[in-house]
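Student: Okay, predicted coordinates and the sequence, questions at the end:
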Amino acid sequence: MTNSIAEITQADVILVTGSNTTEQHPMIGSRILEAVQRGAKLIVIDPRRIPLANFADVYLQPKVGTNVAWLNGLAHVIIEENLCDQDFIANRTENYLEAADMVKKYTPKYVEEITGIPPDDLIRAARLYAKTDRAMIFYCMGVTQFTSGVDNVRACANLAMLTGNIGKPGTGVNPLRGQNNVQGACDMGALPDVLTGYQKLDDENVRHRFEQVWQVQLPAKAGLTLTEMINKAADGSLKCLYIMGENPMVSDPDLNHVRQALENLELLIVQDIFMTETAAMADIVLPGACFAEKEGTFTNTERRVQRVRQAVLPRGKAREDWRIISALACKMGYLMGYESPEEIMEEICILTPIYRGITYHRLDDKKGLQWPCPNGVHPGTPYLHKDKFNCGKGKFYPVEYKEPSELPDENYPFRLITGRTAYQFHSATMTGRTAILQREDPDGFVEINPEDAKTIGVREGWLVEVSSARGKVVCRACISDNLPQGTVFMPFHFAESAANFLTGGAVDPVAKIPEYKVCAVRIKGVG
Amino acid sequence: MYYIITKVMVKAWLRKLIKQGILVAPTQLKGGDVVFKEAFTPDNISLEFKQPLYSVKSYFLPQEETLFTFRNSSVDTLQEVYNEFPRIFFGLRPCDLKAVTQADRFFGEGFQDSYYYHRRKQTLLMVIGCNNPESHCFCHSMGIGPFYKDGADIFMVDLGSSLAVTAGTPNGKAAIEDYLYFFEKATEEQKDEIILEEYAALSKLNYNMPKDVGPPDFSSISDEFWEKISRKCFSCGSCSYICPLCFCYNVVDRQNKIFEGKRVRTWDSCIFEGFTRMAGRHNLFKNRQDRLKKRFAHKLQQYPEKYGLIGCTGCGRCTVTCPGKIGMMDVIKKFAAEVSTDDKK
């Protein structure tokens, strides 16, 4: 998030898209409700009529996969009606004219053709968003998990820059992170092309600093992304995978392909807290420690680094991840002699400018610190891009609407959205083992519009077979008018009826994120 | 009969009492939260008496407890598991006390729950009057009040540098009189001070929830009201989990060791759809509105019918935890506001 959770209640307008906030980020959803209670206007734009839509001043229901079209449409209306923040555009940004040129053709009428959003509603949303000084955009996987994921994010950023809604409290472009420490993992360089704190791997000075501290030669070539690794494993050019705390046999797209890829490996090592579907395929399973069994920090969605403390000792043969990695490194001939998580944090401070002022000592008596925190007395940064963008001027990227990689046809007439439910978490490794949560959401289902259900000939609770060009699963039908006709929804948590047998392998050309959110399927009753 | 003990000596007194059981007392964690925590010495307990985040429910009805184990699919191998440590609860609030005495009725009337009673009979309840209610407290409108002490073994009042202490049961009396050398008798001024403290606390509570806004008559609440409120319900269940008066539980069997199973009791919540779901996924309380209404019906109507009291202690913890801001206090206030606007019409 560019801004902070505490600022939500200061916002005048909140735009939520591609995020079922009250179910997936309930604490943030709670703040949004509080803001609405205080009089903030809420715009919800989502193909599913999510619970938050009940509180929206404007709710738009675009076809899934058409984000760029309506985002450009909003920008078109804002420019046409002269609602832009001209000062902000002139002083803080560049490349405006090209972007303005691009959105020219996205008239409300044209947008309606693509997305199905009525022109008047689009115009209302645009006016609402543009006519305030404090408007926040929230988005989640419903924006990023497309072959146009990067374009979607750029279009969101364009919208914020166009109206000057960035670099101030109660504004910003705020992606919600899906796990407690996914922000921390990215900050620590768990990405193929950067080191800690997003320092580019291809920068020689950066590499040199790390080489000095670690006393090793670092490769300058960027590694592979997750989706690329699976493909390389399938074609045999990747021989070994070491997977930590991830369950690709449920969470990756096109599971039949993933299974082939993992079987093709010479060595698969899985480090996890339970015997997951992926761990069951491993040559070696390393038992990791769970959150309550370890010391360290988690970095949350608003960039806040917070201490976690060990509540219980790891059970059985389980060890904290850092101990396992250190021991493994020692066996391989590199003496990674850390004695405690604090020592690792000290190294993070030395090597990472945005974490430089974050020490265990400072995290002890405060509720964490938000990076960038460049020195030991810096109070942390509640919102980014104040006065100046990190890269200098904010650049408008003109983006063109592109269709999703797979559209419905005669054989597969429905658009499938995959997502989550409130009671299961990700591949259900943990929640599936918790009696009450498992009872709430015991099995997979497919949400179908009542009209579609009638056409297919199924009723609530009946079993249906959902199939795509890649695979098929059998699950329960759940009739719901939260979806428009022609669109269905499935949660991906459940290994027995895993939605990811259906999803495709197409990825965003830049970020390589898979297109989980849309593929074409066929549905028929069973038995 | 009030005795006075200086705060300096409180921990020395507890050091004596602790020989009879594990101390459970408010403790400030790193990061600032105050919770009830088991301690083998009284060194780190907090004597500031802020309301702990959670009640002591989990010490009487653990979030998860093993009832018995069994082997080889055979009933003959069944072995009950009791958790039988004597415990001394120090610094309970009157709301927490009321919840424990109500739990005695819930787990004792009709069928007696032996797991609960094994734990309960070995406890000493040392209750502290609330001088300084939090902004979400409203125990006075639930028939309790900041200095409620029925059922407490020992009741204490914070007088700044000392505590005024009085016994309510023979066990409590022994815990004071065995160590009488720690105490002095309260003077008349100190007794007056106790009364003044109670008045001060009551006036704060009246500010939180005015006297004329009490718990509503459940039958007078319309379905439209529940519909509106339930839109803000996330169905997270935190209200029930945090409620000191919610005792609903679920029972499941789990594998313990390779050839051994265990029967486990866990907390449950009527806010969950699975709570009332029957075979074939039939459910009389399918949607959130029905479930929320049912929860409040239980607290505001069935509790009074069955036990003669409201199913809420006014601790206000649900107000703090509820992400949709529809805890008991909010619902009472929202309903009162609705009634008063209706009257004006």
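Tutor: Structure's in. What do you need? Residues are numbered from 1 along each chain as shown, chains lettered A, B, ... in the order given.
Student: For chain B, tell me whether the helix or strand encompassing residue A:438 is touching it.
Tutor: Using DSSP states H and E, the element containing residue A:438 is helix A:435-440. Yes. Against chain B, helix A:435-440 shows contacts by Cβ under 8 Å from any Cβ of the partner chain at A:435, A:436, A:439, A:440. Heads up, the C-betas are built off the backbone N, CA and C, glycines and all.
Student: which two of these lie the greatest distance from each other?
Tutor: Using Cβ to Cβ, the two most remote members of those are A:435 and A:440, lying 9.9 Å apart.
Student: Find the nearest non-adjacent residue to residue A:411, please.
Tutor: residue A:522 (6.2 Å; Cβ to Cβ, 6 or more residues apart in numbering or on different chains).
Student: Check the one you found and give its pLDDT.
Tutor: Confidence at residue A:522, expressed as pLDDT, is 95.
Student: So it belongs to a strand, correct?
Tutor: Yes. Assigned with DSSP: H, G, I helix; E, B strand; the rest coil, residue A:522 falls within a strand.
Student: who's it bridged to?
Tutor: residue A:467 (DSSP bridges).
Student: for the chain, which spans come out with low pLDDT?
Tutor: Picked chain A for this. A:366, A:527 (pLDDT under 70).
Student: wrong chain, I was asking about chain B
Tutor: B:343-345.
Student: Show me the helices in it, by range?
Tutor: Along chain B, counting by DSSP state H, helices occupy B:7-17, B:57-60, B:94-108, B:114-120, B:170-177, B:188-208, B:223-230, B:238-242, B:288-297, B:303-307, B:317-321, B:328-344.
Student: can you list those helices in TSV and add distance to residue A:388?
Tutor: Formatted as TSV, the helices of chain B follow (distance: least, Cβ to Cβ, whole Å):
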stretch	distance to residue A:388
helix B:7-17	54
helix B:57-60	51
helix B:94-108	52
helix B:114-120	61
helix B:170-177	66
helix B:188-208	46
helix B:223-230	46
helix B:238-242	42
helix B:288-297	46
helix B:303-307	60
helix B:317-321	40
helix B:328-344	43
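Student: With mean neighbour count and distance to residue B:141 as extra columns, can I get these in TSV?
Tutor: What follows is the helices of chain B, written out as TSV (neighbours: other Cβ atoms under 10 Å in any protein chain shown; distance: least, Cβ to Cβ, whole Å):
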stretch	mean neighbour count	distance to residue B:141
helix B:7-17	15	31
helix B:57-60	19	21
helix B:94-108	21	12
helix B:114-120	17	28
helix B:170-177	16	28
helix B:188-208	15	8
helix B:223-230	16	19
helix B:238-242	21	18
helix B:288-297	20	15
helix B:303-307	13	14
helix B:317-321	21	13
helix B:328-344	16	8
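Student: Arrange the ones you listed in a markdown table, one row each, with distance to chain A as further columns.
Tutor: Converted to a markdown table, these look like this (distance: least, Cβ to the nearest Cβ, whole Å):
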| stretch | distance to chain A |
| --- | --- |
| helix B:7-17 | 24 |
| helix B:57-60 | 14 |
| helix B:94-108 | 20 |
| helix B:114-120 | 18 |
| helix B:170-177 | 31 |
| helix B:188-208 | 19 |
| helix B:223-230 | 10 |
| helix B:238-242 | 9 |
| helix B:288-297 | 9 |
| helix B:303-307 | 23 |
| helix B:317-321 | 10 |
| helix B:328-344 | 11 |
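Student: Could you pull up the contacting residues of the residue of the stretch 351-500 of chain A found nearest chain B?
Tutor: Going by Cβ to the nearest Cβ, chain B is nearest to residue A:439 of the stretch 351-500 of chain A, at 4.0 Å. By Cβ atoms under 8 Å, 6 or more residues apart in numbering or on different chains, the residues touching residue A:439 are B:250, B:272, B:274, B:277.
Student: residue contacts, the residue of the stretch 201-345 of chain B found nearest chain A?
Tutor: Per Cβ to the nearest Cβ, residue B:323 is where the stretch 201-345 of chain B lies closest to chain A, at 3.5 Å. Each residue near residue B:323 by Cβ under 8 Å, 6+ apart is listed here: A:22, A:26, A:27, A:29, A:30, A:33, B:234, B:236, B:238.
Student: give the contact list for the closest residue in space to the last one that isn't next to it in sequence.
Tutor: The spatial neighbour of residue B:238 that comes closest, neighbours along the chain excluded (Cβ to Cβ, 6+ apart), is residue B:321 at 4.5 Å. When the contact criterion is Cβ under 8 Å, 6+ apart, the partners of residue B:321 are B:238, B:239, B:242, B:327.
Student: ok, 10 Å please
Tutor: B:53, B:54, B:136, B:236, B:238, B:239, B:241, B:242, B:243, B:327 (Cβ atoms under 10 Å, 6 or more residues apart in numbering or on different chains).
Student: Could you verify my assumption that the last one touches residue B:233?
Tutor: So that's residue B:327. No. Taking contacts as Cβ atoms under 10 Å, residue B:327 lies outside contact range of residue B:233: 11.0 Å.
Student: what sits in contact with each of the two?
Tutor: With Cβ under 10 Å, 6+ apart as the test, residue B:327 and residue B:233 both reach residue B:239.
Student: circling back to that earlier point, overlap of the contact sets of residue A:435 and residue A:440?
Tutor: With Cβ under 10 Å, 6+ apart, residue A:435 and residue A:440 have common neighbours residue B:274.
Student: Looking at those two, which is more packed in?
Tutor: Shown here are residue A:435 and residue A:440; by other Cβ atoms under 10 Å in any protein chain shown, residue A:440 has more neighbours (21 against 17).
Student: how much space is there between residue A:194 and residue B:183?
Tutor: Residue A:194 is 66 Å from residue B:183, where distance means Cβ to Cβ, to the nearest Å.
Student: same check, this time on residue B:47
Tutor: Residue B:47 is 17 Å from residue B:183, by Cβ to Cβ.
Student: quick one, what contacts the residue nearest to the spatial centre of chain B?
Tutor: Centroid-nearest residue in chain B, with Cα atoms, centre = their mean: residue B:244, separated by 3.1 Å. For residue B:244, the contacting residues are B:54-57, B:60, B:93, B:95-100, B:102-103, B:312-313, B:315, B:317, by Cβ under 10 Å, 6+ apart.
Student: Repeat that for residue A:241.
Tutor: Taking Cβ under 10 Å, 6+ apart as the test, what residue A:241 contacts is A:229-230, A:232-233, A:248, A:261-262, A:265-270, A:278, A:282.
Student: 6 Å - rerun?
Tutor: Shown in contact with residue A:241 (Cβ atoms under 6 Å, 6 or more residues apart in numbering or on different chains): A:265, A:268.
Student: Secondary structure class of the residue in the stretch 1-150 of chain A that chain B sits nearest to, three-state.
Tutor: Proximity to chain B, evaluated over the stretch 1-150 of chain A using Cβ to the nearest Cβ, is greatest for residue A:30 at 3.5 Å. When classified by three-state DSSP, residue A:30 comes out as helix.
Student: how about the nearest residue to it, chain neighbours excluded?
Tutor: Nearest non-adjacent residue to residue A:30 (Cβ to Cβ, 6+ apart): residue B:323, at 3.5 Å.
Student: what's the distance between the one you found and residue B:233?
Tutor: Residue B:323 is 9 Å from residue B:233, by Cβ to Cβ.
Student: what's the answer for residue A:25, then?
Tutor: Where residue B:233 is concerned, residue A:25 sits at a distance of 16 Å (Cβ to Cβ).
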